[in-house]
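*Asks:* Mind folding the following:
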Amino acid sequence: MPAHDENAMPDVEEAATFQRDLYLYWSAARELGELGLTSRGFLTRSALRRLRSQWPVTDDDRPEASDPRRYYLRRLLERLGLLRVPTEPSKESANGGLVAADAEIMARFLAHPLAERLRICTRLWVAGGWWPDGTPTRVAIGLHTPIQPRIALARRRLIEMLAALEPGSPVEIPGVELVADHAPHIIGATTRRKPRDIADERNEAMRAALAGPLQWMGLVVKRDTSGSGERTMVASQAVLTLRNEPDDESVRETPGRVIIQPNLDIVVYQPLTAPTFFTLDRCATRVSLDRVAHYRLTRSDVTRAQQNGWSEDDIAQRLETLTTSPLPGAVRVRLADWTRAASRIRLTPQVTLLTTSTPALLDTLLADRAARGWVLRRIGPTLALAQTDKLESLRHWLLARGELPAVESAEQ
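*Replies:* Below you'll find the predicted structure:
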């Protein structure tokens, strides 16, 4: 095995970046609603433009079929169950569409450490025929299409080969000279040569995997190991997760510094990780995303977090975990005020506002043992919240006391 510098081993930055982009894709889809598909099963141009406006990773305007990495992200999210076909498709999407799964499903996925998430994604790719591996196709492959046995075998052998390498070791395939020069294709690759035999087909599949999914997921990376300026493909630190006895402690996400300022602004520095984004998106508003991420904590965000089941202590603890320090006093006071105010808000379904002509009439109604059960709460001298299904009983009660009730319907 070729020697390599133990002190310059590639880290897991690419693997963490891929997981971050999986989250950002899901988050953008959740903000946008249904993403339309073409008759061939690719995202429409309008859906892609809306997606890119929410997720500023690249500024290009390529169709999805010409953007292999982004297409792989979308298909993998589908296979993970994080993007799905809606139960009630929109009438505007003639060819169907996709919607983001609930936040609880994403929370369960992100609860796994980086090493386990990487293994999950790798297993889905190895056994799935949903990714063409460079084979020309003009129609999106079905999500549960079985993989060709020879391709599955080539993928498994490649994973076993990577698992046997040490981080930083060059990746070599017998019979293939220029792994780094191979460019993955989805459609329109009809000019590519056909494999000569089974061995050639296996090598072609392995080369497409290395230049595509395995590089995108961060298992292999391109590095200048000789100092000559020429970049070669080497195994990353993430290959340690592929072994029978994986070293998960060596493959961890290291989030960048998070600063919560007294004015409620939150600044997140590189490296930006998926768990950090998920926590902040659940309790703050994302203002901008570039080299750093800028969030702001608002009262509505805290109320939203409470509705999602986070208490004041939960919010504070999660934020302090990100910053690795106590919250500023002004932030903690504001957080306590907002959570107390939100806890006093009660949503009661099926109620009607009752207005009486005089306070005495409402007093009489509430003093009546039978009638007072129809009223949920008095909110003013002549105002009360009544049960909607008791309106007919209230009407008879008022008529019996010489009052002529009127019903006013709310405008739709």
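*Asks:* Could I get the full set of helices for the chain?
*Replies:* Listed in chain order, the helices of the chain (DSSP state H) span 13-32, 45-54, 68-80, 103-110, 114-126, 149-163, 198-211, 213-216, 274-283, 299-307, 312-323, 329-343, 359-367, 391-400.
*Asks:* most packed of these?
*Replies:* Highest mean neighbour count of the helices of the chain: helix 213-216, a mean of 24 (counted as mean count of other CB atoms under 10 Å). Yep, even glycine has a C-beta here, placed from its N, CA and C like the rest.
*Asks:* In PDB, please show the C-alpha coordinates belonging to it.
*Replies:* In PDB, the C-alpha atoms belonging to helix 213-216 read as follows (Å, rounded to 0.1, in the frame of the first residue of the first chain):
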ATOM      1  CA  PRO A 213     -21.900   9.700  -5.600                       C
ATOM      2  CA  LEU A 214     -18.800   8.600  -3.600                       C
ATOM      3  CA  GLN A 215     -17.100  11.900  -4.100                       C
ATOM      4  CA  TRP A 216     -20.300  13.900  -3.500                       C
END
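*Asks:* I'd like the average pLDDT over it.
*Replies:* The average pLDDT within helix 213-216 is 94.
*Asks:* residues in contact with it?
*Replies:* When contacts are defined by CB atoms under 8 Å, 6 or more residues apart in numbering, helix 213-216 is touched by residues 14, 18, 69, 72, 125, 131, 133, 158, 162, 220-222, 233.
*Asks:* likewise stretch 105-115?
*Replies:* Against stretch 105-115 from outside (CB under 8 Å, 6+ apart): 12, 15-16, 19, 23, 26, 80-82, 117, 120, 238, 240-241, 246, 248, 251-253, 274-275, 278.
*Asks:* Return the member of the contacts of helix 213-216 nearest to residue 354.
*Replies:* Nearest to residue 354 among these is residue 18, at 58.0 Å by CB to CB.
*Asks:* Between all of the contacts of helix 213-216, which two are separated the most?
*Replies:* Among these, 131 and 222 lie farthest apart (CB to CB), at 20.9 Å.
*Asks:* So between the two, which is more surrounded?
*Replies:* Higher neighbour count among residue 131 and residue 222: residue 131, with 26 against 16, using other CB atoms under 10 Å.
*Asks:* give the contact list for the more buried one.
*Replies:* 72, 75, 125, 141, 213.
*Asks:* one more time with 7 Å
*Replies:* Going by CB atoms under 7 Å, 6 or more residues apart in numbering, residue 131 touches 72, 75, 125, 213.
*Asks:* Now do it against residue 149, distance only.
*Replies:* Note on residue 131: its distance to residue 149, by CB to CB, to the nearest Å, is 16 Å.
*Asks:* same thing with residue 65?
*Replies:* In terms of CB to CB, residue 65 sits 26 Å off from residue 149.
*Asks:* How about residue 96?
*Replies:* Taking CB to CB, one finds residue 96 at 30 Å from residue 149.
*Asks:* Same question for residue 33.
*Replies:* Applying CB to CB to residue 33 and residue 149 gives a distance of 39 Å.
*Asks:* Tell me which stretches of the stretch 151-300 of the chain form strands.
*Replies:* Under the criterion DSSP state E, counting those that start in this stretch, the stretch 151-300 of the chain carries strands at the ranges 220-223, 232-235, 258-260, 265-268, 285-289, 293-296.
*Asks:* on contacts alone, who are the packing partners of the shortest one?
*Replies:* For strand 258-260, the contact count by 3 or more CB pairs under 7 Å, 6 or more residues apart in numbering; DSSP states H and E identifies strand 265-268, helix 312-323 as packing neighbours.
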